[in-house]
Structure formats: C-alpha cells, structure tokens
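Q: Only the shape, not the letters, is given here:
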C-alpha cells in the first residue's frame, strides 16, 4: 500500500513538473569543463562516505578555478552536524506531498544561471530532479534514466558504482565537449 502511495506521489510530482516546464523558456547548449566558470552540483546525501566524495569532487573543481555551488538532499538527519556549511540542504521537511521542494528553499539555486549543472543522483531523487529541471542552468547533466531524459541535455549511462566513479565518467565526457 505504501509503495502504491509513493508511486502516486511521484506521478503527481512529474505531472506538476511537466506543467511548470511549459511556462519556462531556456536555451541550453553544451559547455565544456574548460569553458565553465560556475558549476552547480546536486547530490543525494545518504552516508558520510558519499558526503566526503562530493566534497573532494567540489574541491577538485575549485582547484581548477571553478566556482562550485552544492545543493544536497539529506536522507539521514544525523549527518547534518557533519556537513560543510557551504552545502545548501533540502530534506524531507522541505518537500511537499508530491516530492516537490519548497520553492523558497531552492529559489536562489534555480534562478542562477550556472554554466554546468550536474545531478550526481544515480538513483531517482525527485526533489533534485525537479530542482535541476526548472533551473536556468545552461548545460544540465545526469545519470541516464528514461523518466528524466526530457529535463537534461546530457545523460550518461554509468556502470560505475558511487559518486567518484560517476564523476570520472562525467569528467571524461565534459573534457571532450567543444
């Protein structure tokens, strides 16, 4: 019964997202990693290991003179005390019944035009998919999922486990973009 209700919530969220996207105007195009100055990273925070991987990923980009903005969906509230203050967070408390995040909480993020937006969710995390989809970012990247295809400019089918492996694959493709 709970699974059926969660599927209903998700379908409602996707329907609402499609309605909102009809109102938005966005001209996306590819941006190489060398051209990008501002990079947004959406991350699911499930455990401390993933958190450290993402922080390392962001540090690598910052060392290349990129401005990096992190937005995480916090699955485990106990990790909140271990988080770097530079990570903006949304959690279960910040989403509506259909998994759509509170717009005020993500307003600054979605209104900024990042050169590249990377969704590091390898499994569906609808609050982050929603945020990416309505973002004004120029080039949006995510792991391949047919349900998310209309919302991203580049989707990578990854066989790598974890964020570090997915990051390597993203980096490989972004270095090839001209």
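A: Alright, I've got the coordinates. Because the structure is a prediction, the values reported are computed rather than measured.

Q: Scan this protein for its longest helix.
A: When the chain is parsed with DSSP state H, its longest helix is helix 2-23.

Q: Can you give the strand pairings for whichever helix or strand comes after that helix, parallel or anti for each?
A: Counting by DSSP states H and E, the element after helix 2-23 in chain order, helix or strand, is strand 38-45. Partners of strand 38-45 in the sheet, by DSSP bridges, are strand 67-74 (parallel), strand 116-119 (parallel).

Q: contact partners of the first one?
A: It stands for strand 67-74. Applying CB atoms under 8 Å, 6 or more residues apart in numbering, the external contacts of strand 67-74 come out as 37-45, 54, 58, 61-62, 80, 83, 86-91, 106, 109, 112, 114, 125, 127-128, 131. In short, each C-beta sits where N, CA and C put it, glycine included.

Q: Repeat the analysis, applying 7 Å as the threshold.
A: The set of residues external to strand 67-74 that reach it, using CB atoms under 7 Å, 6 or more residues apart in numbering, is 37-45, 54, 58, 61-62, 80, 86-91, 109, 114, 125, 127-128, 131.

Q: Of those, select the buried ones using a PyMOL command.
A: Remark: buried members of the contacts of strand 67-74, expressed as a PyMOL selection using 16 or more other CB atoms under 10 Å:
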select buried, resi 38+39+40+41+42+43+44+45+54+58+61+87+89+90+91+109+114+125+127+128+131
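
Q: of the strands paired with strand 38-45, which approaches residue 141 most closely?
A: strand 116-119 (4.9 Å; CB to CB).

Q: and that closest one, how far out from the chain's middle?
A: Averaging C-alpha positions (CA atoms, centre = their mean, to the nearest Å) puts strand 116-119 6 Å from its chain's average.

Q: again, but for stretch 101-109
A: How far stretch 101-109 lies from its chain's middle: 13 Å, per CA atoms, centre = their mean.

Q: What residues sit buried inside that stretch?
A: 101, 105-106, 109.

Q: Stretch 17-28 too?
A: Going by neighbour count (16+ other CB under 10 Å), the buried part of stretch 17-28 is residue 17.

Q: ok, and what's touching that stretch?
A: Contacts to stretch 17-28, defined as CB under 7 Å, 6+ apart, come from residues 130, 133-134, 136, 138-140, 153.

Q: Need the buried ones from the residues you listed selected in ChimeraX.
A: The buried residues among those can be selected in ChimeraX (16+ other CB under 10 Å) with this line:
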select :130,133,134,138,139,140,153
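
Q: Quick one: mark the members of the contacts of stretch 17-28 that sit in helices.
A: Using DSSP H, the contacts of stretch 17-28 in helices are 130, 133-134.

Q: now, which of these sits nearest residue 166?
A: Lowest distance from residue 166 to the ones in helices among the contacts of stretch 17-28 (CB to CB) belongs to residue 133, with 19.1 Å.
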